[in-house]
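Q: Structure, please.
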Amino acid sequence: MAIQNILQKIEQEEKKEIQEIQEKTAEQVKQILKQAQAKAKVIKAKALADFKFEKQEQAKKILREQKKEFIASILIKKKEILDEIFQKALAKLKESNNEKLIIQLKKNLPTDGEIRENLDGGFIFVSKNLEINNTWPCLISEVREKLETKIAGILF
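A: A predicted model of the protein is given here:
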């Protein structure tokens, strides 16, 4: 009987040891799962933050591009308006009687040259060393160079 008791005691200790190992293993599995879930949450949060940041940067880039396009279209429109103003000024200059202006322009010329009338209005003075373009398009162009910034400042 003593052997029976010893075998039963060994069997009971083995069962107890197996039970303890299973409990420890179950606890370790729980801990590992808990850690894995925590890491997964961190990874998910980082991925979401990265995604949001990337989308915000894309949105900012699109807004910057649209702003540039908008500003460019405004500048183009302003240039068109200024072009129209100076084209109208040229047309008005061509239509009006400009005898006084022509006399004034000719008064300041040297005497040793030739005056060639221009179909667009005005004239070109040519001498051996000098050529002065007093055609209406040229005069309007010179006025534009001098006044365009002021006019733009007044209009816009």
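Q: For residue 13, see how far away the residue nearest to the spatial centre of the chain is.
A: Relative to the mean C-alpha position of the chain, the nearest C-alpha, by Cα atoms, centre = their mean, is the one of residue 65, at 3.3 Å. Distance, residue 65 to residue 13, using Cβ to Cβ, to the nearest Å: 77 Å. For the C-beta atoms, the positions are set from N, CA and C on the backbone; glycine is no exception.
Q: Residue 64 now?
A: 75 Å.
Q: what about the helices in the protein?
A: Counting by DSSP state H, the chain has helices at residues 2-95, 99-107, 136-155.
Q: Mind putting these into JSON lines with distance to residue 122 and mean pLDDT?
A: Shown next, in JSON lines, are these (distance: least, Cβ to Cβ, whole Å; pLDDT from 0 to 100):
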{"stretch": "helix 2-95", "distance to residue 122": "9", "mean pLDDT": "93"}
{"stretch": "helix 99-107", "distance to residue 122": "7", "mean pLDDT": "86"}
{"stretch": "helix 136-155", "distance to residue 122": "5", "mean pLDDT": "90"}
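Q: Reformat the ones you listed as JSON lines; add distance to residue 118.
A: Shown next, in JSON lines, are the helices of the chain (distance: least, Cβ to Cβ, whole Å):
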{"stretch": "helix 2-95", "distance to residue 118": "11"}
{"stretch": "helix 99-107", "distance to residue 118": "11"}
{"stretch": "helix 136-155", "distance to residue 118": "8"}
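Q: Could you chop this protein up by domain?
A: Domain ranges of the chain: 16-96, 97-156, per automatic domain parsing.
Q: so of those domains, which one's packed in deepest?
A: domain 97-156 (a mean of 13; mean count of other Cβ atoms under 10 Å).
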